[in-house]
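[1] here are the coordinates; sequence isn't available:
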């Protein structure tokens, strides 16, 4: 009963939107007719220019509205970046979806598509203006698939399928259709208004109507939609257990933050630095989520997920409300204790990464990418160290003896650590220039890395860490150690032959903090088999690199310019408005000139009349034939009082009134003025 | 050489140099975004830094000396904006080029250039208002006080600028499928995000450019020194 009432409400609101659009279109058509008809009225002195302008300005608005209706009335195109998974491709996932669809009492979706969002959604591309039930699609974000536990994933799927359960009826589909149509219409009209100043002058009315109707629509549908979210949560709790739904909601929010961190702090910098991306970034993301150093921050995110507030236009209730309702549910039948993990074959993830990722990036195996990332993060401090060493050497009291450091930057990029040796650093430390070096390093680090307050308290700390990293890089280059990934800080050096990594760090620390103690570090290096005179080889040549990334610095123009797609849209709006303006002007002008074919007599009479008109005693001599032209058709009421209006008509067809109407004002004033002066 | 100089004893001059090095790219990037003319921006930024150096004891105690310089730069433009000859802006006579960022991908460069060029088509007032509001997070009252226009004019300029940018850059079409989702995603305002990306790109481009310029300067100095030594 409630479902039927809601469906009727949504249907009425959707119909209201179509009626609104139809009204605007009909009004526009009516104005067109009025423009042509008004020009044909015998009393018209000019073609109706204001109505013509109005029609021209409204033409793009009407086109935009119609386009929005057509766009949302037909089944929506699938998500452009989504990859479809057929039932044969991922039988496990399909089996779980079918089982859960049975559990929430609906039929399984027709398609499953994978996306790169940290979200899941279901659509029903209902044909026939949203009235019939069409094919259903389940969109599932791969970060959720790799980051959630199997029980949580089942809860997410059950929630989405719960939107199709019988109790929800047709409301959701119709409400979505209406909301999408209203949004598309508003955007399209706003765009047309921004593209053309004439349209902007007239678009206020339709926009106001649309805004008003959107408010009404939202106010009526949002409470129902929020309640339906809670109902879908309840369905999911019935199928997967309330505990799992709670975990899934918090987990999805935490994963959203983690995925944002992954893309901005790891994917994008690596793409920028090396021009490569992992072929399966979701596996790499899975590694990140499982990392022990991130367990605590993620748990904290889950804990604080209930602080997330829903926006005013959000169809979802606050997470705190959802969690609270879930906690009140009875536990019910226990969900399957340990559901089997669901996975999707890697080829779909690879295909998705290729379509959703940057087009010019070179994909590389994700394990290699992780190793490269670990090295990249570990050796970030080396370029600033090399820069600082160069700065201090150049500014030093004695002329630098080593020729390579001064000649190196002239050829390469400004910040490559290539050619840096441990010996250079140790020599600076020995010659008592550790404070200038530490200061130069901190300045260089400030630009390259996010600033931390540690450098203020402990200016020598970064230098010690950078020296340890340099030693580590030499060890890695010689093949006796590797970098282990640390997702929160720089990478950790793992020596292979049982040497504790602390030995190197302590040695570097002692050498930096205690003047004159570099000899001990030299001994340690000799024991490790590191040549302190060996120049550092950078790993930048190894990874694949797209040639377009690194080009010689050149100037690019930022002169004002309009992008090509926008230019096309602006031109389209302009052409439409101009076509209507010119076409309608032509038609109305033709109608106006031909509205009443003037006879030869009517042409001659006014000229004879003009001769009388020059005399002051003209108005009493107003000839009767002209008075016989039917008085109600005079546009002005300023008829001379002496005029016999009720006379029987001597001539059946008088001259057209516009001829007589034109000279009349001057005549009236002329006759009035002498009377006023005495 | 003794090792007694701690961070607390850094000379004011050196401290200002470090501050300049650290903040120049950010300040210059914001200035270019605000004014649209790299040369005017460079001039205004240099003037603001000279001003900051003159009042360094006061500026360094500010909560954010960087913000002080940015605001001073903007005031310079706002003052210029009230003069009539500033309105006459012959585009073809000025050099409207910036160095390409060496550290950005091709798409990032293309996107940043598209935004900068689209910003160039806006009238100066609209550009100032949208940058102040979306990038500097200033309120209507602050903007109206700084530009000397009413808050209503701020709102109207902002609306026009945002609508125009949205049209030109095709910013906020919702391309996702409409459907029942698990939760609503938090989305940054697209105009705001585009402007932030532009500043990041410009920071990269102007920072690397300055680095290269300095290197050339140093090389030139070295060559001159070598010539002098050779003459002796």
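    Great, that's in hand. Fair warning: this is a prediction, and the values are worked out from it, not measured in the lab. Numbers count the residues shown, from 1 in each chain, chains lettered A, B, ... in the order given.

[2] nearest residue to residue B:76 other than its sequence neighbours?
    Using C-beta to C-beta, 6 or more residues apart in numbering or on different chains and skipping the chain neighbours, the partner closest in space to residue B:76 is residue B:44 (4.4 Å). Quick note: C-beta positions are derived from backbone N, CA and C, even for glycine.

[3] buried residues in the strand or helix carrying the one you found?
    In this assignment (DSSP states H and E), residue B:44 forms part of helix B:38-54. For helix B:38-54, the neighbour count (16 or more other C-beta atoms under 10 Å in any protein chain shown) marks B:38, B:40-41, B:44-45, B:48-49, B:51-52 as buried.

[4] now swap in stretch B:60-73 and tell me
    Residues of stretch B:60-73 classed as buried: B:65-66, B:68-73 (neighbour count, 16+ other C-beta under 10 Å).

[5] Give the rounded mean pLDDT of the helix or strand hosting residue A:483.
    Take DSSP H and E as the rule and residue A:483 turns out to sit in strand A:481-484. Strand A:481-484 carries an average pLDDT of 79.

[6] partner strands of that strand, parallel or antiparallel?
    strand A:492-495 (antiparallel) (DSSP bridges).

[7] what comes up buried for the strand holding residue A:483?
    Quick answer for strand A:481-484 (16+ other C-beta under 10 Å): A:481-483.

[8] Just give me how far that strand sits from the chain centre.
    Offset of strand A:481-484 from its chain centre (C-alpha atoms, centre = their mean, to the nearest Å): 39 Å.

[9] got it, and stretch A:222-235?
    Distance, stretch centre to chain centre, for stretch A:222-235: 26 Å (C-alpha atoms, centre = their mean).

[10] Run through who's touching the helix holding residue B:44.
    Contact with helix B:38-54 is made by A:558, B:16, B:20, B:24, B:27-28, B:31-32, B:34-35, B:59, B:65, B:68-70, B:72-73, B:76-77, B:80, B:94-98, as judged by C-beta atoms under 8 Å, 6 or more residues apart in numbering or on different chains.

[11] With stretch A:517-531 instead?
    Outside stretch A:517-531, the residues that reach it (C-beta under 8 Å, 6+ apart) are A:422, A:426, A:429-430, A:471, A:474-475, A:478, A:480, A:495, A:499, A:503-504, A:507-508, A:510-511, A:532.

[12] check contacts around residue A:562.
    Counted by C-beta under 8 Å, 6+ apart, residue A:562 has contacts A:570, B:117-118, B:121, B:168.

[13] Can you say which of these are buried?
    Neighbour-count burial (16+ other C-beta under 10 Å) is assigned, among these, to A:570, B:117-118, B:121, B:168.

[14] From these, which land in helices?
    A:570, B:117-118, B:121, B:168 (DSSP state H).

[15] Kindly reformat those residues as TSV containing distance to residue B:103 and pLDDT.
    Output for these, formatted as TSV (distance: C-beta to C-beta, whole Å; pLDDT from 0 to 100):
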residue	distance to residue B:103	pLDDT
A:570	34	92
B:117	21	90
B:118	23	91
B:121	27	89
B:168	26	90
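
[16] Put together a markdown table for those, with distance to residue A:458 on each row.
    Output for those, formatted as a markdown table (distance: C-beta to C-beta, whole Å):
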| residue | distance to residue A:458 |
| --- | --- |
| A:570 | 58 |
| B:117 | 46 |
| B:118 | 46 |
| B:121 | 50 |
| B:168 | 49 |
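
[17] Look up the pLDDT of the residue of chain B found nearest chain A for me, please.
    Residue nearest to chain A within chain B: residue B:120 (3.1 Å; C-beta to the nearest C-beta). At residue B:120, the predicted lDDT confidence score is 88.

[18] got a list of what it touches?
    Here residue B:120 is in contact with A:558-561, B:36, B:96 (C-beta under 8 Å, 6+ apart).

[19] Report the lowest-confidence entry in these.
    residue B:96 (78).

[20] and that one, how many residues sit next to it?
    Other residues within reach of residue B:96, judged by other C-beta atoms under 10 Å in any protein chain shown, total 20.

[21] Spit out the contact partners of it.
    Applying C-beta under 8 Å, 6+ apart, the residues contacting residue B:96 are A:557-559, B:36-38, B:120.

[22] Sort out which one of these lies nearest residue A:338 for me.
    The shortest approach to residue A:338 among the contacts of residue B:96 belongs to residue A:558, at 59.0 Å (C-beta to C-beta).

[23] check contacts around the nearest residue to that closest one once chain neighbours are set aside.
    Nearest non-adjacent residue to residue A:558, counting by C-beta to C-beta, 6+ apart: residue B:116, 4.2 Å away. By C-beta under 8 Å, 6+ apart, the contact set of residue B:116 is A:558, B:32-33, B:36, B:98, B:198.
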